[in-house]
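Asks: kindly generate the corresponding structure for this input.
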Amino acid sequence: VEEEETCVHVHVLDACSTTEADQAEPDVPRRVGTYVKDVAMLRAQMKACARAWTRGSRCLCSEARPKRADGESEEKKAGMDGRAWAYVELARLHRPSGALLLLWPCLYGASMATQAGHVPDGRVVAALVVGATLMRGSGCAVNDATDVDVDRLVTRTKSRPVARGTIAPRQAWYAAAAMAGVAGVSTCLLAPAALLPALAATPLAVYYPRVKRIFHYPQAFLGLAFSCGAPVGYAAQCASSVPWSLFPSWDVWWSGWNALDAHAWTVVGPLMAHCVLWTLAYDTVYAFQDRADDVKVGVGSAALRIGGEWRGKATLMAWSGSSACMLAMALAQSNTMHAPGSAALAAFVAHAAWQSYTLDACNPRLCDLAFRSHAWLGLVVFLGLVADRAYCNDQIVQGHRTANEAPTPREEA
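Replies: The predicted structure follows:
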């Protein structure tokens, strides 16, 4: 909005300014006619600005003015110099939606592993928040360093710090390694049981940028990488009863891995399937912004494979519906299908139906807003899971177990 107002102010000054020659010109009617034409041109340009802003594109008349660097206003608000802000952009710290979408599978797993009548352990939640934020930043740095040549050809990504030359690819790799190292250290201090499951998922995040060159559905591979947060959170919460120590024993390191027994996978397996399908749906909505550039560059994308508007909506509805079914299965296996858990599931289904009906794949701005709405949807589901575990008491769990199956060794302990 500030950019469009600047456009209008520039043209107002151009239309109303006079030169010395105009002031010396005695032909007042001719000057009045010139001003009338300028005002008519200004009105036409204002309408063009309004139409461009409605479509989510840049103002047409702003091309004549010097373009400010991407993120300059945010940089001034944050009080950072250009170099520091470039690393903030590299880690996407100014756009937390991606970090939240990586965090929710971790917190879902921790919530489903929480004992009845309790909430997830604070140390585990803190470790997952720090780890998800830093690992998402590390993955973004790896992606920018690997796809620097492709990013320079895509309208949405050509202003990223590596693509525009502010940060060299080698420096991006160093930053990725540093963020991954800090995430590993924080995990070791707060939830050491989650380290081994997290290390098993690291190669998926590193290899993801190359998948889009050989696979038409890279969003599914990204979903597989994100879904690995579910066993990480589940294992960390199962081992949260172990006393904290600065130098934990070897048994503590393996306790999280051992917690993923056969019964645990009846919960974690459907939860991971839910996360894969959910990521496939919302990341395809995000990819709708780059369809024209993806065709030009020649990279794979699910947004190109699912076809036109109605076929795309039907496909997204099918993926979201399957994701809801997997979430319902995970809730049933973890005994979180009481009123709060059922309300969270209903919210997920309602959001999927609403977005499949209202999505406009040809409007990049609306696609970006639709993508960001999934971060808030994840918060709603997480709060529902936490409320369900806190609401559910031992008698409800025991009655459910005796009607279906014997209690697990962890519940007996």
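Asks: grab the nearest non-local neighbour of residue 154.
Replies: Excluding its sequence neighbours, the residue lying closest to residue 154 (Cβ to Cβ, 6 or more residues apart in numbering) is residue 293, at 4.2 Å. For every residue, glycine as well, the C-beta is placed using N, CA and C.
Asks: tell me the contacts of residue 187?
Replies: 127, 130-131, 194-195, 198 (Cβ atoms under 8 Å, 6 or more residues apart in numbering).
Asks: now, which of those residues sits nearest residue 387?
Replies: Nearest to residue 387, judged by Cβ to Cβ, of those is residue 127 at 22.0 Å.
Asks: roughly how far apart are the closest one and residue 110?
Replies: According to Cβ to Cβ, to the nearest Å, residue 127 and residue 110 sit 10 Å apart.
Asks: equivalent analysis for residue 121, please.
Replies: 8 Å.
Asks: what do these two both touch?
Replies: Common neighbours of residue 121 and residue 110 (Cβ under 8 Å, 6+ apart) are residue 237.
Asks: what about those two, which has more around it?
Replies: residue 110 (32 against 19; other Cβ atoms under 10 Å).
Asks: in which helix or strand does the more buried one reside?
Replies: helix 97-112 (DSSP states H and E).
Asks: quick one: mean pLDDT for the next helix or strand after that helix?
Replies: Sequence order places helix 122-146 as the next helix or strand after helix 97-112, per DSSP H and E. If you average the pLDDT over helix 122-146, you get 92.
Asks: who are the packing partners of helix 122-146?
Replies: Under the contact criterion of 3 or more Cβ pairs under 8 Å, 6 or more residues apart in numbering; DSSP states H and E, helix 122-146 touches helix 82-90, helix 97-112, helix 169-190, helix 195-211, helix 229-238.
Asks: can I get the ones you listed in CSV with mean pLDDT?
Replies: Below are the helices and strands packed on helix 122-146 laid out as CSV (pLDDT from 0 to 100):
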stretch, mean pLDDT
helix 82-90, 88
helix 97-112, 94
helix 169-190, 90
helix 195-211, 81
helix 229-238, 89
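Asks: out of these, flag the one nearest residue 371.
Replies: That would be helix 97-112 among these, by Cβ to Cβ, at 7.0 Å.
Asks: quick check, central residue of the chain?
Replies: Centre of the chain computed as the mean C-alpha position; nearest residue by Cα atoms, centre = their mean is residue 98, 2.2 Å away.
Asks: give me the neighbour count for residue 295.
Replies: Applying other Cβ under 10 Å, I find that residue 295 has 11 neighbouring residues.
Asks: give me the element it is part of.
Replies: Under the criterion of DSSP H and E, residue 295 resides in helix 291-297.
Asks: so for stretch 357-366, what gets flagged as buried?
Replies: Using 16 or more other Cβ atoms under 10 Å as the test for burial, stretch 357-366 gives 359, 361, 363-364, 366.
Asks: what segments of the stretch 251-400 of the chain are helices?
Replies: 262-287, 291-297, 302-305, 309-333, 339-358, 364-391, 394-404 (DSSP state H, counting those that start in this stretch).
Asks: pipe those helices into a markdown table and attach distance to residue 153 and mean pLDDT per row.
Replies: Formatted as a markdown table, those follow (distance: least, Cβ to Cβ, whole Å; pLDDT from 0 to 100):
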| stretch | distance to residue 153 | mean pLDDT |
| --- | --- | --- |
| helix 262-287 | 15 | 92 |
| helix 291-297 | 5 | 78 |
| helix 302-305 | 16 | 78 |
| helix 309-333 | 24 | 90 |
| helix 339-358 | 29 | 92 |
| helix 364-391 | 17 | 92 |
| helix 394-404 | 55 | 39 |
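Asks: mind listing what residue 360 touches?
Replies: 366-367.
Asks: hang on, the earlier thing: okay, the helices and strands packed on helix 122-146 in a markdown table with distance to residue 143 next?
Replies: Shown next, in a markdown table, are the helices and strands packed on helix 122-146 (distance: least, Cβ to Cβ, whole Å):
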| stretch | distance to residue 143 |
| --- | --- |
| helix 82-90 | 10 |
| helix 97-112 | 11 |
| helix 169-190 | 9 |
| helix 195-211 | 5 |
| helix 229-238 | 18 |
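Asks: which of these is buried the deepest?
Replies: helix 229-238 (a mean of 30; mean count of other Cβ atoms under 10 Å).
Asks: ok so, going back, what sits in contact with each of residue 127 and residue 110?
Replies: residue 236.
Asks: circling back to that earlier point, and the helices and strands packed on helix 122-146: which comes nearest residue 306?
Replies: Comparing these under Cβ to Cβ, the one sitting nearest is helix 195-211, at 17.6 Å.
Asks: how far off centre is the closest one?
Replies: 17 Å (Cα atoms, centre = their mean, to the nearest Å).
Asks: so what touches it?
Replies: By Cβ under 8 Å, 6+ apart, helix 195-211 touches 131, 135, 138-139, 142-143, 146-147, 180, 184, 187-188, 218, 221-222, 224-225, 228-229, 231-232, 235, 253-254, 256-257, 260, 300.
Asks: just the buried ones among the residues you listed, please.
Replies: For the contacts of helix 195-211, a burial check counting by 16+ other Cβ under 10 Å picks out 131, 135, 138-139, 142-143, 146-147, 180, 184, 187-188, 218, 221-222, 224-225, 228-229, 231-232, 235, 253, 256-257, 260, 300.
Asks: one step back: among the helices and strands packed on helix 122-146, which is nearest residue 267?
Replies: Closest among the helices and strands packed on helix 122-146, using Cβ to Cβ: helix 97-112, at 5.4 Å.
Asks: the closest one versus helix 364-391: what angle between them?
Replies: 20 degrees (axes from the mean of the first three to the mean of the last three Cα atoms, to 10 degrees).
Asks: by how many degrees do helix 97-112 and helix 195-211 diverge?
Replies: Using the same axes, to 10 degrees: helix 97-112 against helix 195-211 is 150 degrees.
Asks: helices or strands up against helix 97-112?
Replies: helix 122-146, helix 218-227, helix 229-238, helix 262-287, helix 309-333, helix 364-391.
Asks: tell me the contacts of the nearest residue to residue 92 once chain neighbours are set aside?
Replies: Leaving out its chain neighbours, the residue that sits closest to residue 92 by Cβ to Cβ, 6+ apart is residue 140, at 4.9 Å. The contact partners of residue 140, taken as Cβ under 8 Å, 6+ apart, are 90-92, 98.
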